[in-house]
Structure formats: structure tokens, C-alpha cells
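Novice: whatever this is, show me its structure:
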Amino acid sequence: MALIQPLLGKHPSFGRYCFLAENATVIGDVKMGNQCSVWFNAVIRGDVNSILIGNAVNIQDQVMVHCTYKKTKTLIGNHVSIGHRAIIHGCEIQDNVLIGMGAIIMDGVLVEEGSVVAAGAVVLENTVVEKGSIYAGVPAIKVKSVSPELMQDEVQRIAKSYITYSSWYK
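Specialist: Model prediction:
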């Protein structure tokens with residue numbers, strides 16, 4: 001069973017039909033919407049600030065979601081996929097976003113709707129990832145726009161697939 005731990009009077013809360021892997025960790029001030037999944041060895045640590053997660057979000061294996069004390073909360077919209085081993089820290093990720101494996105999203109970053117952050121990208125503090133864009137590299141920069149095909153074939157497909165995958169474990 002996942003480690004779900006209250007801290008300083010704040011209890012994690014979960015919407016309906018969420019899946020938490022048996023070794024996932026969710027601590028403190030975390031609010032999660034419906035049909036979310038938190039995969040193996042992922043950590044969502046709402047100890048120093050709040051973390052708000054929308055609906056149909058998948059937080060894949062070994063992801064770390066955190067924030068900064070008295071400075072930045074973490075906000076994650078709906079239909080967001082966060083790839084294996086990514087770090088999400090004190091930022092806002094809007095709806096229909098794909099964060100690639102191993103990407104790092106730093107404090108104060110805004111990832112606007114319909115965007116992709118490529119695998120291994122490092123998005124520096126206070127960067128705005130423009131709506132409908134693909135950002136890649138270290139530091140991450142805009143490399144092109146998200147095509148309608150990429151939005152449907154990857155971003156939306158992955159978010160829907162993880163709802164299916166999580167049903168296999170229930």
C-alpha cells in the first residue's frame with residue numbers, strides 16, 4: 001500500500017478512481033483530482049507548500065513533485081502526463097501537457113496549455129513555456145509548435161492510456 005502521510009495537520013486528499021502504486025509516497029498538503037495515477041517510487045511531497053493536481057494526471061515511475069517553502073506552490077492541470085524520473089518543483093503546469101522522461105521543471109515556471117517539454121529538458125526558473133509549443137534542451141528553449149497530430153497521437157493518447165493502465169492494478 002502506498003505511503004500516504006499527513007504532516008503538520010495537512011492530509012493528502014484524492015478524487016475518485018485514483019491509483020497509487022504500493023511504493024508511491026504522498027505527503028502533506030496534496031489535493032488530487034479524479035482518475036489520477038501515481039506510479040512506482042514516485043514522491044509527491046506537500047510538506048513545505050501545497051500541491052494541487054487536476055483530473056486524469058499520471059505521475060510516472062520515480063517522479064518527484066515538490067515545491068518551495070513560503071515561495072512556490074505546485075499546480076498541475078488536467079490531462080497531464082509526467083514521464084518517468086521527471087522533477088516538478090514549484091511550478092504551474094496547465095491542461096493537456098506532456099512532460100518528457102527525466103525533464104526538470106524549476107520554480108516559477110509556467111507550462112502553458114497544450115505544450116510538450118521534451119525528455120531530459122531543463123526548464124529554468126520563471127520560464128514561460130508558450131501555449132502549444134515544444135521545449136527541449138539544457139536550458140530548454142522553444143524548438144517548434146505542437147502539431148494537431150502530436151497533440152492527439154501523443155499528448156492525449158498517453159493521458160488516456162494511463163487511465164487504462166491503472167485499471168489493470170485495481
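Novice: contacts, neighbours, all on C-alpha from now
Specialist: OK.
Novice: which single strand of this protein contains the most residues?
Specialist: Counting by DSSP state E, the longest strand found in the chain is strand 43-53.
Novice: any idea how far Gly15 is from Asn49?
Specialist: Separation of Asn49 from Gly15 (C-alpha to C-alpha, to the nearest Å): 20 Å.
Novice: more neighbours, those two?
Specialist: Neighbour count, other C-alpha atoms under 10 Å: between Asn49 and Gly15, Asn49 has more, with 19 against 14.
Novice: so the more buried one is in contact with Leu75, correct?
Specialist: No - assessed by C-alpha atoms under 8 Å, Asn49 is found out of contact with Leu75, at 10.9 Å.
Novice: please pull out the lowest mean pLDDT helix or strand from this structure.
Specialist: Least confident helix or strand, the chain: helix 148-150 with a mean of 90, by mean pLDDT, DSSP states H and E.
Novice: surely Asp153 forms part of a helix?
Specialist: Yes - judged by DSSP: H, G, I helix; E, B strand; the rest coil, Asp153 forms part of a helix.
Novice: what number of residues lie near it?
Specialist: Asp153: 11 surrounding residues under other C-alpha under 10 Å.
Novice: so how far is Gly83 from it?
Specialist: Separation of Asp153 from Gly83 (C-alpha to C-alpha): 16 Å.
Novice: which neighbouring elements make contact with the following helix or strand past the longest strand of the chain?
Specialist: Downstream of strand 43-53, the next assigned helix or strand under DSSP states H and E is strand 58-59. If you count contacts as 3 or more C-alpha pairs under 8 Å, 6 or more residues apart in numbering; DSSP states H and E, strand 58-59 packs onto strand 37-38, strand 81-82, helix 157-169.
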